Every structure is written in C-alpha cells, then in structure tokens.
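[1] Any chance you can model this:
(chains A, B and C)
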Amino acid sequence: MSVDTSPRTTGPSGLGDGPSLKQPSLPRRTGTFTAVAAVLLALGFRALGFGWVPAVFLAWLVVVIVVPLWSTSVEGSRKAIDRLVTILVTSAFALAMVPLAQIMYTVVSNGASVMGIDFFTFSMRNVIGEGGGIYHAIWGTLLITLATTVMSVPIGVFTAIYLVEYGANNRLSGWIRFLVDVMTGIPSIVAGLFAYALFVVFFGPGVRMGFAGAVALAVLMIPVVVRSVEEMLKLVPNELREASYALGVPKWRTIVKVVLPTALAGIVTGVTLAIARVIGETAPLLITVGVSDSVNFNIFDGRMATLPVFAFNSIQSPGFPPGPSIDRAWGAALVLMIIVMLLNLVARLVSYVFSPKGER
Amino acid sequence: MSQTTSKSERPVVRRGDRIFAGISTGAGILILVILAGVAVFLTIQGIPGIAAAPDEVKSGTSFARFVGPLVFGTLYAALVALIIALPLAIAVALFISHYAPRRVAQVLGYLIDLLAAVPSVVYGLWGREVLAGQLVPAYRWLDENLGFLPFFAGPFSATGRTFFTAGVVLAVMILPIITAITREIFLQTPRLHEEAALALGATRWEMIRMTVLPYARSGIVGGAMLGLGRALGETMAVAMVLSASGVVTFNLISSTNPSTIPANIALQFKESSGLTINALIASGLVLFIITFAVNFAARWVVNRRREFSGAN
Amino acid sequence: MNRTIKRVVAPAGAALMLAAALSACGAGNEDTGSAGSDASSSGESLSGTLSGAGASSQEAAVSAWQQGFQSANPDVTVNYDPVGSGGGREQFIAGGIDFAGSDAYLEDDELTGAKDRCGGNIVEVPTYVSPIAVIYNLEGVDELNLTPAVVGDIFEGTVTTWDDPKIAADNPDADLPNTAITPVHRSDDSGTTENFTDYLDQTSGGTWSGGAIQTWPIQGGEGAEGTSGVVSAVQGGDGTIGYADASQAGDLGVAKIGVGDAFVEPTADAAAAVLDESTQVEGRDAGDIAFTVNRTTTESGVYPIVLVSYMIACEKYEDAAQGELVKGFLTYVSSQEGQEAAAKGAGSAPISEDLEATIRPIVEKIS
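    Sure thing, here's the model as predicted:
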C-alpha cells in the first residue's frame, strides 16, 4: 500500500524544461519513505518501552507533524496540506482495517480449536462439558434461512417487476420505492418483536417457532431483495423489451422470457447477498425462535437452535465448567463468519462470471 | 400498452397480462401492508404495556419513566458512534475513490464491505473480550488529563465496558454503510469538474475540496443518517459490551451508563412475562418510530439529491 | 429455458441435493427414529415427551438431568424452556407445561391458580441449591474476608477503595492496595440478584438500602449481562468485585463471608447446610416444601447466600402416563444420582440426605 502520489501532484516533472517552471519538490518516493520511517519509528518507540498501541500512535504523530513541516519548507504550504491529507486519508483506511484484522484473528484463533468431525455432526443433546457440536444449529440456520428466502424472493422479485415494468413512475411505485428504502433501516430487534407480536395473536404468549423467526428475517430481507433486483432489471436494455413486443409477445411473457433471464445473474447475486445479510442476525431469532440442544427439523413447532443464537447462548450461559462452551461459541462464530464470507464470494463470482462481456 | 381500444382483439393475451400485473402490484402492496403490519402489531401489543400501572411491570415505574432513559441512551450511543465513524468513513471512501491505485481500489472496497459481513454477535464478542480491555489505559489517561470535561468525568471503568467502547463497536459496524454510500457518490463526481480543477494547478486535496466534497455533500448527509439509523437499532453488540444501569449521563468512560432500547429488549425479554413483555414491545415501537423518522429523513435527503443530479 | 438459467440452476440444484443427502442422517449423537416406536417392548422404561419451563438459573442443572434421564429412558424427551421463573410459573398455571422450575416458591394467589390447574394438590420441592459467591479480582490479594455489612457498603457504593479501614479490619494480614472498587452486578433480571439482595437486605444492618429485588436496584457500579458477563467483567478489570454462581468463579478470588464470628467459603456442603437451618413456610400442604432461607444464621460452617430453586408439578395428572413421566423425572432429579449429576454439570450443591428423604415420598405420590 504505497502512499506514493501520482505524478500529477508530486510535481510537474514532465512539464517542459524551463527552469522557471521547475518547482522544488520532495523526492518522488517520499510516500514509501514515509511508510518505512513510520514503521521504524514505531519499532523504535516499542524498543524504548512503550506499549504497541502508544508506540504506533507516537510514530504516526511524528510523521503527521514532520512530513508537512518538511514539505512546507521545500514545496510551500499548499503541497504540505496535500501531503497531510494524503497521510490522514491513508491512515484512516489502515485504522479501519485494524478491527477487521483483529476480529478475524480473534475468531480464528479461538474457534479453530474445536473444529473437527464431531463438531459438525453432533448436536448438544445429552452433552455436558466437552464435546458436542453445532449440527442442530447448522440445520436450524439452514431451514430458517431457506424459509426466509422462499418467502422473500417471490415477494421481492415481483415487487421489483412492478416497480420497473408496471409502476413506471406513478405515485404508488414512488411510495413503494421510498418505503422499501426506509424499510431497509428497520432494526432487526423490531422485526423480531413484530413477528412475536404477530404470532402471539395466533398461538398465545410464549410462542417460539422457527417460522416466526423466518417471518422476522423476511421483513429484513425483502427490502434488500427488492432494491437489488430493481437495480438489475433497470440494467436490462429497453431494446430487448421493444424487440420482444415487436414480435407480438405479450408483456408478461416478455418479462418472464426476456427480462428476467437477462437479469438472472444479477438477481442471483442480489439474493445471495441478501441471504448473507440475514443469516447472521441474532436478536430477532433470540426473541422468536429461542434455543434448543437437539435437532429440530420442524420449523412450525418448537424451538430451534441457530448458529448466531447458539454462539450467543453458549457464551451467556456456559454451564459448568464454562471453558468448553465458550470454545464452542467461538467455533460457531467462526463457522458463521465462513458461511457469510462464502456467500459474499459466491455472489461476487456469479456476478463476475455471468455478467455481460465488456462490463466491469 | 392498450392503445387499441377494440375489445374483441387478443382477450387471452390481456388476461395473462392482467394476472401478471396483478401479482406484481399485489407484491408491491403486500410490502406496504407488511410495513403497516409492523406498526399495527407493535401498537396492539404495546398499548397494554404503555397503559400498565407501575406495579404491574418489572421496571416498577410508569412507561414514560421506563423508556425515557432508554431513548436518551439509544440516541446518545448512536450519536457517539456517528461522530467517530463519519470522519473515518469519509476518509476511507476518499482513499478508495481518489487515492488508492485503480487496480487495488476494488479489492480494498471489498475489504471494507467485509466489515459489514461480520455478524453482530461476533462484534459483541470482540468488543467484550478484546476491545474493552485494550481501551482501559486510554480511559485512565482521559480521566486523569481531561477529567474536567463532563464526557470524561470518570471515575474510569476498570473493565472498559463503557459507553465509549460501545460507541467504538457501533462505529466499526456502521463504517462500511457510510463508506459504501459516500464512495458511490464520490465516484459520481463529474470527471470534467475534477480535471478542470487539476488543470488549473490545484493539488489533489484542493481538487477534492473544490469539486468532490461540494458535489457529494448531501450524499454524505444521507449516508450519515443511514448509519445513524443502523446504530440506533443495533442490538447484540451493545447488549454484550455495555455495562448498563439505566441512568442518564453524558459520561463516556465510567461503568455507569444508560442502556439502549434494543439492548434492553434483548436482555430483558427472555425472563419477562405478562405486561412486562408488552412494555418491552412498546419500547420497541418507540424505537421503530425513531428509526423510521431518521431513515425517512435520510432517504428524503438522498433522493432529493438523486433527482437533482439527474439534470447534470 | 435458456442456457444462462441452466448454468445458474445446475449448481444450486447440486447444492440442494447435497443438503438432502445430509438430511438423511440425524446428529451423530442423537438416537433418531426411535421416539415411541418400541416403547412397549421394554416394560420398565418410560416414553413420551415432558415439557417444562422456568428459571434460567436451573438451565445447566436441567440439561444434566435431561442427559441422565434420557440416557436411562431413551424414548423420553425432556424439554426445558429457560423463560425465567415468572414465565415458568405463569405457563404452569395456564397449563401449557408439565412442570415448572422457579427461583421463588408460589405466592398464595399463584397457589390457588396452580391448584385450579391441577384439579388438586400441587408438588413443590427444592431440587437445586447453588451457592452464590462474592468474586473479586485484586492483584496481590488471594484471601479476603468480608462481613455482610461491608459487602453491603461495597455494593451500595459507600466503600470505594480497597484499603478502606472497614475492609482492612477483617483482613489484618492482607496487603490491600488503594485501588478503586468496581462493583459488578447483573444488568438483566435474575434470581441470583434477588437472592443476593435479599441476603444483603437482611444481614447488612442498613448499609444496603436497595431492598430485595430481582433487577439491580442501585444506579451505579458496573452492570453485566448474565453470570458469564459478570465473571468476564470481574476478570477484565483490577479492583472489581461481583457476585455469581460459585461454580462459575473459575480462578477468580472468592471472598469468605462473615457468618457469626467466622468467615465461610461458598462450598457445596456449606450451602446445602443452610436449608437445614431454614424454616419451611407455614400453612402449605404436605407436598409443598417452600423454604424461607435463613440468611441471618450464625451457625458455623453454613453459607447463607444461596439460590434455592424449586420444581413445581401437579400431584395428579389427567393423563396417567404423563403422571408417570413426571414422577420418574422428579424422582431422578431428587435422587442422589440426579443431584450428583447436577453438581457435576452445573456446580450446584446436592441437597442433604434428610431433605432428600422428605422429598422422596412426596414425589412418589405423583400419578
């Protein structure tokens, strides 16, 4: 990650040979030098007995102060400010990477120890202390997510079709579009409370079932699906539709046979990303589905285990001794993260492989 | 489509069309119904909780006094998160759109998106087990050196599970959202404006200040408000990280902190029954109204911009 | 169907088939497909499903009992919803569950409701006793003696540093630093808090003003979610002190609590002994053993900060088979074997033999 700036701002080196145009400037590789110096400084402060965090912070501080001063003396204040901003922006990105790296490291190093065949094929039924696994939680997550997808995708796709193909720019479509946007901001716990409040009406207080969780997740997933599918349908060239109409094909067959297949890769990508968004949700499932230590394949009856709630619950009520349970929580978190990242990867692969040539 | 008004032509075709259009319109309306349903069911189940007498619910106070500190905590936590995340997000978005080499920019953007893919439970675990402990020295320093400010009045928490820690975790969680939106808008800056600025001899920063930032101003506002909406509703991370005791204070570094609505629901729901559940659902309704208002405003700002930029 | 669709659908189909293949087998440790199918073949063993709900404090113990009972009776499934004590009692009265676990015995009006539900007498027996330890994390201090009044002071926030003379008075040998005290409490509702504050209310002699209440009453101090949250918060800081089930204390310091003139550690024996010191609530039926824990005991070797949790069931069930099931389960729970299992799985204190002898005939009567 070089901080080196492109020639157009480091200096007008390519502009003519006249000495009057030649401005003094810092060496071309200043960015790289700065980075190396910062690392050395950090190591130096560390050697002086500072902790890692203060050492890095002090090194950063030195660079932030010294480089602009140096630049001011050589190139003038405008360039100095430019360099300062470059350093700030770059270090902001580096700073944003710190939590990501730390989270990855923590989850992998804590979760790797429980990985094994048993962890994926055992449930927690009759398990005390060590052993046991997340088989039941994987199934719960899979089934609930499947039910969510089955509900969300048709509603989402048809709504997107309405928005792009039928609604044109009438008032209803405007409101739907706007409220779908607003809906993407519904807090997950509110979706969970909604599903609970809905199911209480039919099943009485204390209701817990996988389907209620699926309804809660669908509230979160539908708007994501609508937005991404709408974007994809908009990308379908109008010429295709018009060609189809010209051949006398009715509008609905045009949509089914021409528009949807053309946008299919994008739709699959969007749906996959939407799944990745809801599969890690904890709060709504905690309220509506609860936890269980056995496999439950029936989403319409009783509690189910799901990966995020399993991880939360293993940490919150670890039993005795707590160690093995906390290890399982990290393990479940690791599996969950791998699933989410794989979904993201698949989505990107689909859009990369199937996107029309010439784009991206 | 129906330019021809003669009724005898192609009735079959039009029926298929009508059915398909009906399904599509129905799906769109269904979404509105779901959204209304969220409000309606929360209200139906929430009203008994709002009306409940103080001795019928666990909090032992009227609903207004129960939810008041929670509303404060929710808004304050989201605000702290936003103050941390917004400058960082803008800088990161700028780095990806205007500083990073073209070839790696997309990969770097994907890295930031990965932050959005981390499940909130994992953020909670990280915040509680890793981050909280690491921030304690900083809190000690703040308490000793900036203790005269109400935000750092202390006494500093020995465990680090403070409002500030929760704010940092929330900030990391909303960073990718704000970054994604501002990045898109930065990239939409008309190329000609940028090149014109550079041609006049502007440095890269001057070019950004003169063309990119003014162009993206409303996009930044919208993105910030969307991030705010997300921070308001975030549940698990706050529930796991924050040491909460239902007070109203601006102190960021002590162990006595206000709770937030979603965290409070997640913590109390399991062990509640009867009217207490209704009261929790009512607090959820309050949260829904707050986030709805924030998102409503955010989308309005973003959309207004979109219409305006269509003229460019 | 056009080619693009096939290219996308094919991998999706393959994934579905893989999932279907996986679904053919249950979890490696679960005995699937035998639920009730050959129940009659072995005369003695029970079959059916038993549902309970209630206190989350009992959750770990109940899972130990589930394991033991389900292993002995493979055709039985025991479900337990940790919905909280109040929810458990409510669901039991409403008739939704077969038994309830509760951190508090039934109040009088609840008792009427429960009897209505059962159409007769109820059974209420203490089956889970867990000592609540006062845990702390203070560098250089491995042993700590605290009188109830000082514990009250600390959690009230009136004693704020570890070298306070009040603490030093009981710990002449300890080298107490002037670190600030950070009291950690449960931020969620819990029976642990209720029992702890009840103890402070009765014994602190006025230094604790919060009363006995389920949700932490005092604003201030550090709140943490769940027992594990308290433990991790206490671990995470220096000068922290909190209360949690003794089994979860791990390698943290555990304070000895002043009882009479002596200081007692929260051992299982000392905790079980407090029930022998306690009096039964008067005016209850024979099958209803409700204790008022004697927090103010001065007997040596007794640890008074305990959580006593009850199992609540009907004496008579409409469905005789269900009655047999409840009887079998509670018999196991209150047996030595069951209590040992809970001690191992949840770190609880096994009930004394005397109490067990009292409970046995009561449970025997369930039908």
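
[2] Return the residues of chain B in contact with chain C.
    By the rule C-beta under 8 Å from any C-beta of the partner chain, the part of chain B lying against chain C is B:58-59, B:128-129, B:132-133, B:136, B:155, B:157-161, B:239-240, B:242-247, B:255-257, B:259, B:267-268, B:270-274. All C-beta atoms are positioned from the backbone trio N, CA, C, and that covers glycine.

[3] Chain A next: which of these are close?
    Among these, chain A is touched by B:129, B:240, B:270, B:273-274 when using C-beta under 8 Å from any C-beta.

[4] Just among the residues you listed, which is most surrounded?
    residue B:240 (31 neighbours; other C-beta atoms under 10 Å in any protein chain shown).

[5] mind giving me the domain ranges of chain C?
    C:12-130+C:277-364, C:132-270 (automatic domain parsing).

[6] Who are the packing partners of the helix or strand containing residue B:30?
    In this structure, residue B:30 sits in helix B:11-51 according to DSSP states H and E. Helix B:11-51 sits against helix A:135-161, helix A:171-183, helix A:188-203, helix A:210-235, helix A:251-254, helix B:63-94, helix B:275-309, with contacts defined as 3 or more C-beta pairs under 8 Å, 6 or more residues apart in numbering or on different chains; DSSP states H and E.

[7] relative to helix A:171-183, how tilted is the fourth one?
    Between the axes of helix A:210-235 and helix A:171-183, defined by axes from the mean of the first three to the mean of the last three C-alpha atoms, to 10 degrees, the angle is 120 degrees.

[8] Surely residue B:163 is in contact with residue B:77?
    Yes: Residue B:163 lies in contact with residue B:77 (C-beta atoms under 8 Å); the separation is 6.7 Å.

[9] mind showing which ranges of the chain have poor pLDDT?
    Here I'm looking at chain A. Residue ranges of chain A with pLDDT under 70: A:1-22, A:319-320, A:355-360.

[10] not quite, I wanted chain B
    Scanning chain B for pLDDT under 70 picks out the ranges B:1-14, B:304-312.

[11] From the centroid of it, which residue is nearest?
    residue B:230 (1.8 Å; C-alpha atoms, centre = their mean).

[12] Grab the nearest non-local neighbour of that one.
    Spatially, and ignoring its direct neighbours in sequence, residue B:230 is nearest to residue B:174 (5.0 Å; C-beta to C-beta, 6 or more residues apart in numbering or on different chains).

[13] What is the helix or strand hosting the one you found packed up against?
    Here residue B:174 sits within helix B:163-188, counting by DSSP H and E. Contacts defined by 3+ C-beta pairs under 8 Å, 6+ apart place helix B:163-188 against helix A:77-111, helix B:63-94, helix B:102-117, helix B:120-126, helix B:132-146, helix B:213-233, helix B:236-241.

[14] For it, list every residue counted as buried.
    If you call a residue buried by 16 or more other C-beta atoms under 10 Å in any protein chain shown, then helix B:163-188 has these buried ones: B:163-183, B:185-186.

[15] returning to what we had before: the helices and strands packed on helix B:11-51: which one's closest to residue B:210?
    Closest approach to residue B:210 among these is made by helix B:63-94 (13.9 Å; C-beta to C-beta).

[16] relative to helix B:275-309, how tilted is that closest one?
    Going by the same axes, to 10 degrees, helix B:63-94 makes 40 degrees with helix B:275-309.

[17] Give me the angle between helix B:63-94 and helix B:11-51.
    On the basis of the same axes, to 10 degrees, helix B:63-94 is oriented at 130 degrees to helix B:11-51.

[18] give the contact list for residue B:154.
    The contact partners of residue B:154, by C-beta atoms under 8 Å, 6 or more residues apart in numbering or on different chains, come to B:139, B:142-143, B:147, B:251, B:253-254.

[19] Is it possible to mark the buried ones in those?
    Using 16+ other C-beta under 10 Å as the burial test, these include B:139, B:142-143, B:251, B:253-254 as buried.

[20] can I get those in TSV with distance to chain A?
    Formatted as TSV, the buried ones among the contacts of residue B:154 follow (distance: C-beta to the nearest C-beta, whole Å):
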residue	distance to chain A
B:139	13
B:142	14
B:143	17
B:251	23
B:253	17
B:254	22
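
[21] Pick the one among those residues closest to chain C.
    Distance to chain C across the buried ones among the contacts of residue B:154 (C-beta to the nearest C-beta) is lowest for residue B:254, with 8.9 Å.

[22] host element of the closest one?
    Using DSSP H and E, residue B:254 sits within no helix or strand.

[23] and it, how far is that from residue B:153?
    For residue B:254, the distance to residue B:153 equals 7 Å [C-beta to C-beta, to the nearest Å].

[24] And for residue B:74?
    For residue B:74, the distance to residue B:153 equals 21 Å [C-beta to C-beta].

[25] higher neighbour count, the two?
    A count of neighbours by other C-beta under 10 Å puts residue B:74 above the other of residue B:74 and residue B:153, at 29 against 18.

[26] residues in contact with the residue of the stretch 1-150 of chain A found nearest chain B?
    For the stretch 1-150 of chain A, the residue closest to chain B is residue A:92, as judged by C-beta to the nearest C-beta, at 3.4 Å. Each residue near residue A:92 by C-beta under 8 Å, 6+ apart is listed here: B:87-88, B:91-92, B:95.

[27] Return the members of these classed as buried.
    For the contacts of residue A:92, a neighbour count by 16+ other C-beta under 10 Å gives the buried set as B:88, B:91-92, B:95.

[28] Take those residues and lay them out in CSV including distance to residue B:198.
    Formatted as CSV, those follow (distance: C-beta to C-beta, whole Å):
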residue, distance to residue B:198
B:88, 26
B:91, 21
B:92, 23
B:95, 18
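
[29] Next one: the closest residue to chain B within chain A from residue B:294, what distance?
    Going by C-beta to the nearest C-beta, chain B is nearest to residue A:187 of chain A, at 2.3 Å. Going from residue A:187 to residue B:294 by C-beta to C-beta gives 11 Å.
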